[in-house]
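In: my questions are about this predicted structure, shown below with the sequence.
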2 protein chains.
Amino acid sequence: MATREFIVRMNDTTTSPNFSLNNLTGVGRLDLACRAVSSALFLSHSIRKNSKIYVNLNGPPSPPVTILFDAKNLKRVYPDERNIASHIRIALKKFDKKEIFTETEPGIFIAKKSFEELIKEKNKKADIYYLSKDGKDIRKFKFNLEKDLCFILGDHKGIPKKTEKFLDELGIKKISVGEIEYLASQVITIVHYELDRRLASR
Amino acid sequence: MATREFIVRMNDTTTSPNFSLNNLTGVGRLDLACRAVSSALFLSHSIRKNSKIYVNLNGPPSPPVTILFDAKNLKRVYPDERNIASHIRIALKKFDKKEIFTETEPGIFIAKKSFEELIKEKNKKADIYYLSKDGKDIRKFKFNLEKDLCFILGDHKGIPKKTEKFLDELGIKKISVGEIEYLASQVITIVHYELDRRLASR
């Protein structure tokens, strides 16, 4: 089964493990990132074994950092924000500052990797799409369901203009879930749902 | 604009305010209820003013209790689980045990009301649907978008057989979002999305 991957670019989320699990919103909206992970990987009583999500952190003190959750091997990860944040904190604690992904817990990896580096790597392997209001309607879009698909999302502040230009220059296509600006986690749910529908009707 | 309402029936969620915001999963999956509230009411940078969600709690010590979040008047409520849980705790603290809804904070109401009583009241005013895997496909379903629509969801343990029978006897229709069992919060997102699509294409 082809994989579904998500990349969420967080503008201000902390890159230090020294935060309290009681204040996820205050460290650059880590709550938003955790909900995105939850939507990307979990179903009721099960996990989407073919899904991955990269959380790209660009907040202080030492950006960029990218954390990968690969559903296939996850253990003791649950859909609530606090649990997911606790695993992000462990990853940041164990972070060896290497530029390649190092596993910190089963299925969880961390690397000193920028959004741009990550996209360039992914672009060689998967069909990448950027979720944007002015993209093509996802419902009419023909995906190659045999290929790995990768979806890029911004946080509440969106993807910076410069980064949008970078994506455009790589030829990355924009797709849209409609006129309404949903939360990032909701967009992920909608993307999964549209692809689930596609697979179910084959 | 017609309202969209959701009713989430929580089998075991606490009806006492004496819980820690650090352990929402441990008090009958309050985390799940909070995510449902978040999905029902929030968009990116905005709130769905025409949406309401009823969280029906059936856990110890004094079930049933129903808490209503009415987006129209909410203040200082945010999409993260901990914030929503804090408002639920305030509602339970201020609870006067009355059978009619009493406002505990702007837009938040609480009542000593069972799931069955709530459904009977709603059934007089709105078109009610029960989200169930063996229901009619939501995508093919013709909703009356001029009317208030109300959607019933279960938690991770589902709606008990006896309660399903009660819904069936009231003639409440079942609709389905597909074969996959999504998290309750994801089902809410999908229902909103399907209705948003319907409205956008009119």
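Out: Sure, I can see it.
In: can you give me the helices for chain A?
Out: For chain A, the helices identified by DSSP state H occupy A:30-41, A:81-94, A:115-123, A:161-169, A:184-200, in order along the chain.
In: in the last one, what counts as buried?
Out: When neighbours are counted by 16 or more other C-beta atoms under 10 Å in any protein chain shown, the buried residues of helix A:184-200 are found to be A:184-197. All C-beta atoms are positioned from the backbone trio N, CA, C, and that covers glycine.
In: need the residues you listed in a markdown table with pLDDT, can you?
Out: Output for the buried residues of helix A:184-200, formatted as a markdown table (pLDDT from 0 to 100):
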| residue | pLDDT |
| --- | --- |
| A:Ala184 | 98 |
| A:Ser185 | 98 |
| A:Gln186 | 98 |
| A:Val187 | 98 |
| A:Ile188 | 98 |
| A:Thr189 | 98 |
| A:Ile190 | 98 |
| A:Val191 | 98 |
| A:His192 | 98 |
| A:Tyr193 | 98 |
| A:Glu194 | 98 |
| A:Leu195 | 97 |
| A:Asp196 | 97 |
| A:Arg197 | 96 |
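In: those: which ones sit near chain B?
Out: The subset of these lying close to chain B, counting by C-beta under 8 Å from any C-beta of the partner chain, consists of A:Ala184, A:Gln186, A:Thr189, A:Ile190, A:His192, A:Tyr193, A:Asp196, A:Arg197.
In: where are the low-confidence patches of chain A?
Out: Per-residue confidence of chain A (counting by pLDDT under 70) places no residue in a weak region.
In: list the contacts for A:Val8?
Out: The contact partners of A:Val8, by C-beta atoms under 8 Å, 6 or more residues apart in numbering or on different chains, come to A:Ala33, A:Ala36, A:Ile53, A:Tyr54, A:Val55, A:Asn56, A:Leu153, A:Gly154, A:Asp155, A:Ala184.
In: pretty sure the fifth one sits against A:Val37.
Out: Yes - A:Val55 sits in contact with A:Val37 when judged by C-beta atoms under 8 Å, with a separation of 6.6 Å.
In: which neighbours do these two share?
Out: By C-beta under 8 Å, 6+ apart, A:Val55 and A:Val37 have these common neighbours: A:Phe69.
In: could you measure A:Pro60 against A:Leu68, distance?
Out: Counting by C-beta to C-beta, to the nearest Å, the separation of A:Pro60 from A:Leu68 is 21 Å.
In: equivalent analysis for A:Arg197, please.
Out: To A:Leu68, A:Arg197 is 27 Å away according to C-beta to C-beta.
In: go on, A:Glu194?
Out: Here the criterion is C-beta to C-beta. By it, A:Glu194 lies 23 Å from A:Leu68.
In: count of neighbours near the residue nearest to A:Glu81 when sequence neighbours are not counted?
Out: What sits nearest to A:Glu81 in space, not counting adjacent residues and going by C-beta to C-beta, 6 or more residues apart in numbering or on different chains, is A:Cys34, at 4.1 Å. The tally of other residues near A:Cys34 (other C-beta atoms under 10 Å in any protein chain shown) stands at 25.
In: need the CA coordinates for the longest strand along chain A. PDB is fine.
Out: Taking DSSP state E as the assignment, the strand of chain A that covers the most residues is strand A:127-137. Output in PDB follows, covering the C-alpha atoms of strand A:127-137 (Å, rounded to 0.1, in the frame of the first residue of the first chain):
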ATOM      1  CA  ASP A 127       3.900  13.100  -5.400                       C
ATOM      2  CA  ILE A 128       3.900  16.300  -3.300                       C
ATOM      3  CA  TYR A 129       1.000  18.700  -3.000                       C
ATOM      4  CA  TYR A 130       0.700  21.900  -1.100                       C
ATOM      5  CA  LEU A 131      -2.700  22.500   0.500                       C
ATOM      6  CA  SER A 132      -3.700  26.000  -0.300                       C
ATOM      7  CA  LYS A 133      -7.000  27.900  -0.800                       C
ATOM      8  CA  ASP A 134      -6.100  28.800  -4.400                       C
ATOM      9  CA  GLY A 135      -5.200  25.300  -5.400                       C
ATOM     10  CA  LYS A 136      -7.200  22.800  -7.500                       C
ATOM     11  CA  ASP A 137     -10.200  21.300  -5.900                       C
END
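In: buried ones in it?
Out: By neighbour count, with 16+ other C-beta under 10 Å as the criterion, the buried positions of strand A:127-137 are A:Asp127, A:Ile128, A:Tyr129, A:Tyr130, A:Leu131, A:Ser132.
In: between those, which sits nearest B:Phe101?
Out: Nearest to B:Phe101 among those: A:Leu131, at 38.3 Å, using C-beta to C-beta.
In: contacting residues for that closest one?
Out: Listed by C-beta under 8 Å, 6+ apart, the contact set of A:Leu131 reads A:Phe151, A:Ile152, A:Leu153, A:Lys174, A:Ile175, A:Ser176, A:Val177, A:Val187, A:Val191.
In: kind regards, and thank you for your time.
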